[in-house]
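**Q** give me a 3D structure for the following:
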Amino acid sequence: MLRQFLVLLLLLFSLYGSAIGKVCTNHNSEIADYLRKEAGSPYQGQPANVSSLDEFNWPKMRQKLQKFQVPNDFLKEMPLHAVRLDPNGLHGRAQQTNLEYLLMLDVDRLVWSFRKTADLPTPGQPYAGWEDPGCELRGHFVGHYLSATALMWASTKDKEIQLKMSAIVSALSECQKKIGTGYLSAFPSKQFDDVEALRKCWAPYYTIHKIMAGLLDQHTIAGNPEALKMVTWMADYFYKRVENVISKHSIERHYLILNEEHGGMNELLYRLYSITRDPKHFLLGRLFDKPCFLGSLALQEDDISGYHSNTNIPIVIGAQVRHEITGDPLYKAIGSFFMDIVNSSHSYATGGTSVREFWTDPKRLATTLETQNEETCTTYNMLRVSRHQFLSTKEMAYADYYERTLTNGILSIQRGTEPGVFIYFFPLGRGVSKAISHWGWGQPFDAFWCCYGTAIETFSKLGDSIYFEEEGRPYPTLYIIQFISSFLEWKSGNTELQQIVHPVSSWDPKLRVEIIFPKQGTANEATLNIRVPFWTRSDGLKAAINAENLPCPIPGSFLSITRKWNSGDKLSLEVPLTLRLEHIQDDRPEYASVQAILFGPYLLAGLSNGDWDIRIGKATSPSDWITPIPTTYNSHLVTLSQSIGGSTFALAKDAQSITMQKYPQPGTNISVNATFRLIINDPNFKGFSSIKDVIGKAAILEPFDLPGMVMAHQGADKNLMVINAATASGSSTFHFVAGLDGNENTVSLEADSNKGCFVNTGFDSSAADWGAKCSSCPNVTLTCNPTLNEAKQAASFLLSKGISEYHPISFVAKGATRNFLLQPILGIRDEHYTVYFNILP
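**A** Take a look at the predicted model:
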């Protein structure tokens with residue numbers, strides 16, 4: 001073991017030269033500031049003759065690279081041009097929402113600061129947020145936009161997107177030519193003077209990476225040759241800039257600069273090198289490898305605690321790309337070890353990682369649950385790490401990770417179908433809300449955070465990891481690793497296929513997938529390898545071709561089928577969805593009870609303001625204490641409201657009380673509080689569609705997010721309360737009668753145990769200022785024998801369909817003091833929720 005360690009250490013030293021001894025300094029800002037000051041001391045290395053350094057010695061580097069053989073067993077990406085998402089599917093709708101946002105953005109406003117920097121006319125007004133002219137990071141979102149539009153155009157062939165992205169490339173080209181040095185950014189090059197002098201400056205290389213990566217994507221994906229010329233010119237400029245820093249100061253100075261976030265500069269330059277074969281591009285990429293971080297990974301040490309996550313994940317992606325273009329096994333080992341330690345010791349049930357942008361100690365996550373978990377950028381980049389790992393290994397664990405993280409960590413950050421509304425952090429604490437996290441939901445025209453950039457890229461390429469192709473086999477071979485409704489044109493297979501994923505519900509726990517071959521004519525013989533996910537079970541797993549059953553492999557492997565596929569062939573899969581518990585990644589005994597609940601790939605969150613205790617007694621399976629909500633229950637949901645003084649108020653719970661609150665929008669915490677399930681003991685009751693369905697019926701009102709609790713009265717002139725149904729006796733039953741106000745569209749609720757007593761809000765309809773002064777009004781009471789018109793009006797309600805609805809995947813979990821409504825985290829918008837539960841015997 002010692003000999004292997006020394007050999008590896010020597011190998012690292014030979015690759016990195018004197019850099020092996022450098023200490024990474026971005027553990028925290030205090031250390032970084034200290035080293036900035038130390039950098040001004042006489043030491044810190046000596047100016048170097050770059051021609052004598054291994055870092056600039058291409059013949060020597062080429063000689064080393066010739067020892068390796070570029071692997072030929074990588075899976076091949078299926079181009080986005082060949083994949084189309086079903087617009088009615090979950091992923092297709094998310095992509096369409098993102099397309100709408102990309103089309104909303106104005107070219108002149110996006111490039112305003114670029115033109116200002118180039119001393120060109122600046123029509124229009126600049127955007128705000130991180131694209132504001134005073135923000136040091138301005139321009140980074142434009143780089144993301146270049147990548148996102150290229151990806152979206154490939155995914156949709158939308159002509160308006162094509163025009164926008166071409167216009168931006170042209171505008172940026174004009175700016176670059178006006179500056180005349182190859183430099184291109186929305187801020188002056190003085191920011192690089194500052195960072196090279198180790199003065200504080202907010203991550204200029206981060207922005208440059210986004211711009212260069214966007215231009216490269218415009219070339220490789222959208223086929224724009226001008227974009228390649230631009231990114232090559234930029235690379236030449238920064239090669240000279242880095243060379244100058246090292247010759248003027250030292251190579252140590254360059255590595256200190258990398259302690260500012262610098263994106264995936266190494267990956268970008270390796271990709272550029274694979275196109276241009278210009279040695280400068282490889283050598284410059286190598287100088288952005290940050291050996292002090294990659295070195296510990298090469299030594300198989302989990303030493304990432306304290307590091308800024310999104311500074312370093314892109315460096316690992318660069319290492320993976322270096323392996324792919326050179327065959328150097330060291331960089332494959334780096335990617336594998338990194339992915340494995342993050343997945344096993346630093347990840348939440350969503351697949352995301354980090355808290356407040358940093359990694360903590362391994363297997364110590366229980367005390368990190370709060371409002372600032374998993375920055376969206378880190379989730380985006382971890383998906384890329386896992387994708388590269390799957391391409392090189394074909395290991396199922398990476399495909400499973402991709403599904404988990406895409407489903408829960410990515411689809412959850414977009415606010416429904418609202419274009420341009422994303423979150424920065426993903427809250428995972430108790431009783432948290434995406435709306436009131438540290439940043440909350442951003443706005444389309446004044447956020448432009450880094451996470452907005454990665455979000456628009458992610459939602460532009462949702463089809464890029466469904467299908468992969470394996471070359472060098474006797475027959476064309478296709479891997480299908482994600483169950484996403486989509487269409488594929490498979491050229492080497494001489495066929496087309498359509499994947500149809502049927503909607504999933506908790507009441508029918510099966511994932512049903514059909515793969516249909518619609519193309520006319522005869523196809524070639526070909527192999528399909530279809531992922532059978534780890535989360536299913538063999539019992540109930542079914543596969544058939546044209547209704548002829550096939551033998552199924554065990555979960556966590558591939559169903560492999562080789563045959564001649566013809567028009568009309570249909571492959572059917574039925575994959576059981578199971579409930580399971582997952583312990584948080586924390587090995588301290590006191591947190592052994594902290595667990596998440598999942599249903600197949602879906603992470604279930606409980607609607608909760610902080611409660612998290614569950615006692616399961618002697619239950620041996622989650623299905624013993626978690627039950628599905630029938631699909632018919634949505635028709636039993638209602639909201640009661642009154643219009644007062646020009647405003648509309650809804651009957652709602654507030655903790656254990658019943659009040660009237662301003663009528664809410666769907667997807668909010670108040671909409672949850674203002675929705676009740678009607679429990680009517682009548683076999684003929686099929687659900688609520690109009691008032692006539694409930695008039696004359698006795699009903700119990702169960703709060704939407706508190707299964708097993710009910711609205712109950714405490715007697716005349718006393719407040720209504722929310723109590724446990726088991727202790728309610730007759731106080732929770734109310735008769736729906738025609739509205740006491742005489743309006744044919746209203747109802748009144750008469751207490752079953754107190755005849756002549758009605759639910760009363762105390763509102764005075766003649767008071768025109770109710771709406772202005774009452775956002776959450778006094779508690780609702782029970783009033784007996786109302787005679788005045790005001791009292792009758794205060795006891796009359798409009799009855800409508802519930803503002804909130806059960807997600808098709810909804811369960812009730814029995815809690816210690818209350819039950820929990822469980823729904824997929826991806827479907828939650830502003831509602832308060834809890835992801836991890838304290839599950840005890």
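**Q** please identify the helix or strand for the closest residue to residue 107 other than its chain neighbours.
**A** Nearest non-adjacent residue to residue 107, counting by Cβ to Cβ, 6 or more residues apart in numbering: residue 167, 4.8 Å away. (C-beta placed from N, C-alpha, C; glycine too.) In the assignment (DSSP states H and E), residue 167 maps to helix 159-179.
**Q** elements contacting that helix?
**A** On a contact count with 3 or more Cβ pairs under 8 Å, 6 or more residues apart in numbering; DSSP states H and E, helix 159-179 meets helix 90-104, helix 107-110, helix 112-117, helix 140-156, helix 204-220, helix 225-248.
**Q** then that helix to CSV, C-alphas only?
**A** Output of helix 159-179 as CSV, limited to C-alpha atoms (Å, rounded to 0.1, in the frame of the first residue of the first chain):
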residue,chain,number,x,y,z
LYS,A,159,-37.0,29.6,-35.2
GLU,A,160,-37.4,32.5,-32.9
ILE,A,161,-34.8,31.1,-30.6
GLN,A,162,-32.5,30.6,-33.6
LEU,A,163,-32.9,34.3,-34.5
LYS,A,164,-32.2,35.5,-30.9
MET,A,165,-29.1,33.4,-30.4
SER,A,166,-27.7,34.4,-33.8
ALA,A,167,-28.3,38.1,-33.0
ILE,A,168,-26.5,37.8,-29.6
VAL,A,169,-23.4,36.1,-31.2
SER,A,170,-23.3,38.9,-33.9
ALA,A,171,-23.6,41.6,-31.2
LEU,A,172,-20.8,40.1,-29.1
SER,A,173,-18.6,39.6,-32.2
GLU,A,174,-19.0,43.3,-32.9
CYS,A,175,-17.9,44.1,-29.3
GLN,A,176,-14.9,41.8,-29.5
LYS,A,177,-13.8,43.3,-32.7
LYS,A,178,-14.2,46.8,-31.4
ILE,A,179,-12.0,46.0,-28.3
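**Q** list the buried residues in it.
**A** For helix 159-179, the buried set under the neighbour-count rule, 16 or more other Cβ atoms under 10 Å, comprises 161-162, 164-166, 168-169, 171-173, 175-176, 179.
**Q** what does stretch 323-340 give?
**A** Under the neighbour-count criterion of 16+ other Cβ under 10 Å, stretch 323-340 has 323-328, 330-339 buried.
**Q** kindly report the same for stretch 801-810.
**A** Neighbour-count burial for stretch 801-810, counted by 16+ other Cβ under 10 Å, picks out 802, 803, 804, 805, 806, 807, 808, 809, 810.
**Q** and if you look at stretch 414-427?
**A** So stretch 414-427, judged by 16+ other Cβ under 10 Å, has buried residues 414, 415, 418, 419, 420, 421, 422, 423, 424, 425, 426, 427.
**Q** coming back round to it: widest-spaced pair of the buried residues of stretch 801-810?
**A** Using Cβ to Cβ, these span at most 19.5 Å, a distance reached by 803 and 809.
**Q** ok so, going back, quick check: of the buried residues of stretch 323-340, which lies closest to residue 364?
**A** Once Cβ to Cβ is applied, the member of the buried residues of stretch 323-340 that ends up nearest residue 364 is residue 338, at 18.2 Å.
**Q** got the contact list for the closest one?
**A** With contact taken as Cβ atoms under 8 Å, 6 or more residues apart in numbering, residue 338 is in contact with 297, 304, 316, 385.
**Q** looking at those residues, state which has the most neighbours.
**A** Of all the contacts of residue 338, the highest neighbour tally under other Cβ atoms under 10 Å goes to residue 316, namely 29 neighbours.
**Q** Provide the secondary structure category for that residue.
**A** Secondary structure, DSSP: H, G, I helix; E, B strand; the rest coil: residue 316 is helix.
**Q** ok, back up a step: any chance of TSV for the buried residues of stretch 801-810, columns secondary structure, pLDDT and distance to residue 104?
**A** TSV is the format used below for the buried residues of stretch 801-810 (DSSP: H, G, I helix; E, B strand; the rest coil; pLDDT from 0 to 100; distance: Cβ to Cβ, whole Å):
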residue	secondary structure	pLDDT	distance to residue 104
802	coil	97	31
803	coil	97	27
804	coil	97	28
805	coil	97	28
806	coil	97	32
807	coil	97	28
808	coil	97	30
809	coil	98	31
810	coil	98	33
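**Q** relative to residue 737, how far out is the residue lying closest to residue 404 once chain neighbours are set aside?
**A** Nearest residue to residue 404 in three dimensions, chain neighbours excluded: residue 351, at 4.4 Å (Cβ to Cβ, 6+ apart). For residue 351, the distance to residue 737 equals 52 Å [Cβ to Cβ, to the nearest Å].
**Q** residue 413 now?
**A** On the measure of Cβ to Cβ, residue 413 and residue 737 end up 46 Å apart.
**Q** then residue 224?
**A** Distance from residue 224 to residue 737, by Cβ to Cβ: 69 Å.
**Q** between the two, who's got more neighbours?
**A** residue 224 (21 against 17).
**Q** how about the nearest residue to the more buried one once chain neighbours are set aside, what does it touch?
**A** Among residues not flanking residue 224 along the chain, residue 218 sits closest, at 4.6 Å (Cβ to Cβ, 6+ apart). Applying Cβ under 8 Å, 6+ apart, we find residue 218 in contact with 146, 147, 149, 150, 165, 169, 224, 227.
**Q** how about the strands in the stretch 401-550 of the chain?
**A** With DSSP state E, counting those that start in this stretch as the criterion, the stretch 401-550 of the chain has strands at 467-470, 477-480, 486-490, 495-501, 510-516, 522-532, 542-545, 548-549.
**Q** report all helices and strands that the fifth one contacts.
**A** To tie it back to what came earlier, the one meant is strand 510-516. Where contact means 3+ Cβ pairs under 8 Å, 6+ apart, strand 510-516 is packed against strand 495-501, strand 570-576.
**Q** give the buried residues for that strand.
**A** Across strand 510-516, burial judged by 16+ other Cβ under 10 Å covers 510, 511, 512, 513, 515, 516.
**Q** one step back: format the helices and strands packed on strand 510-516 as CSV; extra columns: distance to residue 636 and mean neighbour count.
**A** As requested, the helices and strands packed on strand 510-516 are exported to CSV (distance: least, Cβ to Cβ, whole Å; neighbours: other Cβ atoms under 10 Å):
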stretch, distance to residue 636, mean neighbour count
strand 495-501, 28, 21
strand 570-576, 28, 20
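**Q** which one of those strands lies closest to residue 690?
**A** strand 495-501 (35.0 Å).
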